[in-house]
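Asks: coords please:
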Amino acid sequence: MAKYVLGKQHIANDLHLLNSSPLANLLDLCLKSKSSTKQTQQIHARIIKSRFHSETFILNRLIDVYGKSGSVDDAYKVFDQMPERNIFSWNAVLSTLTNAGLLDEANKVFDQMPVTDQCSWNSMVSGFAQHDRFDESVEFFVHMHSQDFVLNQYSYGSALSSCAGLRNIKMGTQIHASIHKSPYERNVYMGSALIDMYSKCGSVDSAQKVFDSMTSRNVVSWNSLITCYEQNGPPSEALHVFTNMMNSKIQPDEVTLASLISACATLANLNLGREIHNQVIKSNKLTKDLVICNTLVDMYAKCGRISEARWIFDTIPSKNIISETSIVSGYAKSANLETARSMFVSMADRNIVSWNALIAGYTQNGDNETALGLFLQLKQEGVFPTHYTFGNLLSACANLADLRLGQQSHTHVLKHGFKFESGPESDIFVGNSLIDMYVKCGSVEDGKRVFRKMVHKDWVSWNAIIIGLAQNGYGSEALEFFKEMLESGEKPDHVTMIGVLSACSHGGLVDAGRGYFNKMRSEYGIEPMTDHYACMVDLLGRAGFLDEAKNLIDTMRVPPDAVVWAALLGGCKVHGNIELGKEVAEKLMEIDGKNSGVYVLLSNMYAERGNWGDVKRVRKVMKEKGVVKQPGCSWIEVEGKFHVFMVKDRRQIRKKQIYFVLRGLTDVMKLFGYVPDVYDLEANEEGCLELNESQELDNFQMID
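Replies: Residues are numbered from 1 along each chain as shown. Below you'll find the predicted structure:
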């Protein structure tokens with residue numbers, strides 16, 4: 001190349017050149033061969049010495065080559081010194097500036113242009129879109145259209161990309177309508193861009209309709225729809241689309257396979273994930289693809305195959321932060337927290353996603369104190385937390401039922417400016433976590449206050465407040481919120497109905513519970529699951545409708561589990577139905593013969609009837625089957641230190657003071673009519689107040 005250029009340079013010295021085309025050809029060669037800027041500058045020097053040094057055509061070409069080679073300053077100097085400019089001169093420097101991301105400078109040049117054309121406007125629309133300044137990109141598109149410039153596939157494509165970035169489905173739909181009236185209606189590139197826009201805006205049905213209306217499709221079109229289902233759900237549909245893609249003889253590429261592997265990760269479908277992995281291995285050119293390798297690490301980790309995830313991680317020749325974060329997340333989710341922490345510490349570069357993965361691992365595995373410590377460390381290192389960080393932080397506070405820490409976390413949330421609204425980076429999740437934290441800590445009013453102040457709410461917000469109210473005994477208020485939810489247009493789901501039925505159960509609202517349960521299929525389109533049946537059985541059992549509860553179990557469309565039968569057994573205990581209780585207990589023992597609660601409840605029922613022989617028989621069966629009743633436990637926090645009460649524990653050094661107060665409380669309770677239930681063996685085992693001091697020391701102990 002160098003010899004060719006130098007040979008041609010002699011042509012530039014020839015005063016008899018008819019035109020500047022040979023010089024333009026040399027510039028094209030520099031661009032195509034990706035030569036150094038120095039060679040372009042050499043040709044520039046020859047141009048200056050030639051009789052074409054003031055020619056607009058060759059100078060425009062020079063600006064274009066400098067710009068596409070990344071020599072922005074050189075391009076702008078040529079433009080600045082041009083004796084004459086035309087529309088191509090302005091467009092060349094405009095394109096140079098937008099491609100380099102110098103958008104403010106490009107805006108100034110655009111404002112100075114004596115005249116603009118379609119190319120000028122497209123440079124602004126696409127330039128701002130490519131550098132994530134989506135609002136301005138859409139504004140240029142709207143102004144371009146209002147000034148009657150012809151919109152082409154580049155205008156539409158860039159504008160749709162900006163709508164996708166903004167999650168602005170309203171504007172995206174308007175652009176779709178404009179495309180529908182244009183010559184590009186059936187353009188495959190437009191179809192793919194529309195699918196991508198609807199996908200990023202979460203409108204799966206619209207994306208599918210666009211795909212179905214396309215007369216021709218390419219691999220990008222199929223990939224766009226597969227990615228749509230992989231990201232928005234249901235991920236199983238992504239696999240179905242892939243099957244249709246293969247039937248259409250379209251060869252998958254790395255984007256296809258990466259999306260499919262991600263779908264398998266979400267579904268925890270190990271077998272299909274391995275099949276796709278085999279396809280990757282057969283395609284030698286894809287085995288070293290970093291994106292695919294990262295998704296394989298994530299897939300195996302989410303399927304619980306951390307050793308296979310680690311093997312792929314170790315084979316990646318050039319790892320990036322995504323690779324390392326994926327393996328940290330995998331170890332954390334597999335409860336291998338020491339290795340996760342070790343991998344995290346060894347990372348050369350960590351971002352907030354890495355921190356979130358580790359914090360989430362500790363939270364999900366019940367080590368909430370460490371999760372809180374990591375958050376403090378994150379803040380000390382100046383890392384900016386995201387809504388996912390606060391979601392895990394608040395979850396840790398909720399798990400600890402620590403209202404004080406939860407309130408401090410709420411303060412951090414407010415300082416970071418979260419408004420709990422939807423958008424490109426929706427932070428509704430943080431508001432939902434705050435509601436959940438407050439209601440789990442028993443601060444229902446604070447939970448309601450957060451709910452009311454949220455700018456936007458989703459179905460999770462409604463579920464959190466309804467379930468929180470139900471769990472804290474505010475059954476009627478929970479039902480009022482449910483009615484408000486329906487009036488707002490939000491549809492209930494399985495979780496909502498568990499909250500509603502629980503509210504009815506805790507409030508003794510039998511008729512309301514029956515009504516809501518019957519409406520699940522007919523009005524809400526929800527098929528009752530075992531959890532819903534358990535709520536109904538609990539409601540009917542508490543109210544004494546034991547035969548109705550038993551009939552409901554017998555007519556269940558799904559097999560009853562231990563929770564359902566336990567709810568009925570609890571009702572039998574409350575209302576003293578020993579015959580039905582015995583039948584239910586036998587069912588429970590068949591399902592879960594090691595559950596001590598069943599035996600204890602049954603023995604208590606016999607004891608209430610004075611059937612001491614049956615009590616002895618139940619206890620004997622427990623002993624023969626090796627069923628051990630776990631000791632009861634309760635705790636209290638005093639001056640930041642937790643004290644735990646456990647049965648038959650003698651380690652508490654202040655036991656005498658504790659039981660002195662306990663006896664005093666017992667005497668006061670008796671004055672108000674308290675009579676211990678001598679037949680409740682559960683209570684007797686865990687704390688009968690009539691015991692002497694030596695028995696008390698066996699049954700009531702507090703440890704630090």
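
Asks: Could you check the helix or strand residue 642 falls within and say which residues are buried?
Replies: Residue 642 is part of strand 641-646 when elements are defined by DSSP states H and E. Across strand 641-646, burial judged by 16 or more other Cβ atoms under 10 Å covers 645, 646. (Each C-beta comes from the backbone N, C-alpha and C, glycine too.)

Asks: Give the partner strands of it in its sheet and their orientations.
Replies: When pairing is defined by DSSP bridges, strand 641-646 lines up against strand 633-638 (antiparallel), strand 701-703 (antiparallel).

Asks: Now the last one: average pLDDT?
Replies: Averaged across strand 701-703, pLDDT comes to 31.

Asks: Over to stretch 429-440?
Replies: Stretch 429-440 shows a mean pLDDT of 92.

Asks: With adjacent residues omitted, what lies nearest to residue 584?
Replies: Spatial nearest neighbour of residue 584, excluding adjacent residues (Cβ to Cβ, 6 or more residues apart in numbering): residue 569 at 4.6 Å.

Asks: Any figure for the gap between the nearest residue to residue 559 once chain neighbours are set aside and residue 428?
Replies: Closest residue in space to residue 559, ignoring its immediate chain neighbours: residue 530 at 7.9 Å, by Cβ to Cβ, 6+ apart. From residue 530 across to residue 428, the span is 29 Å (Cβ to Cβ, to the nearest Å).

Asks: residues contacting residue 165?
Replies: Going by Cβ atoms under 8 Å, 6 or more residues apart in numbering, residue 165 touches 129, 132, 134, 200, 424.

Asks: what's the answer for residue 176, then?
Replies: Residues near residue 176 by Cβ under 8 Å, 6+ apart: 194, 197, 210.

Asks: Tell me the secondary structure of it, please.
Replies: Here residue 176 is helix, with the state taken from DSSP: H, G, I helix; E, B strand; the rest coil.

Asks: quick one: low-confidence parts of the protein?
Replies: Along the chain, the model assigns pLDDT under 70 to residues 1-18, 35-36, 285, 421-425, 630, 639-640, 647-650, 675-704.

Asks: any idea which residue sits dead centre in it?
Replies: residue 388 (8.1 Å; Cα atoms, centre = their mean).

Asks: Which strands and helices lie in contact with the particular helix or strand that has it in it?
Replies: Secondary structure from DSSP H and E places residue 388 in helix 387-400. Judged by 3 or more Cβ pairs under 8 Å, 6 or more residues apart in numbering; DSSP states H and E, helix 387-400 is in contact with helix 352-364, helix 368-380, helix 403-415, helix 428-440.

Asks: Can you add distance to residue 656 and mean neighbour count and give those helices back as a markdown table?
Replies: Output for these, formatted as a markdown table (distance: least, Cβ to Cβ, whole Å; neighbours: other Cβ atoms under 10 Å):
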| stretch | distance to residue 656 | mean neighbour count |
| --- | --- | --- |
| helix 352-364 | 39 | 22 |
| helix 368-380 | 32 | 17 |
| helix 403-415 | 31 | 16 |
| helix 428-440 | 35 | 26 |
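
Asks: how much space is there between residue 68 and residue 665?
Replies: Distance of residue 68 to residue 665, computed by Cβ to Cβ: 85 Å.

Asks: neighbour count winner among those two?
Replies: More crowded of residue 68 and residue 665, by other Cβ atoms under 10 Å: residue 68, with 16 against 11.
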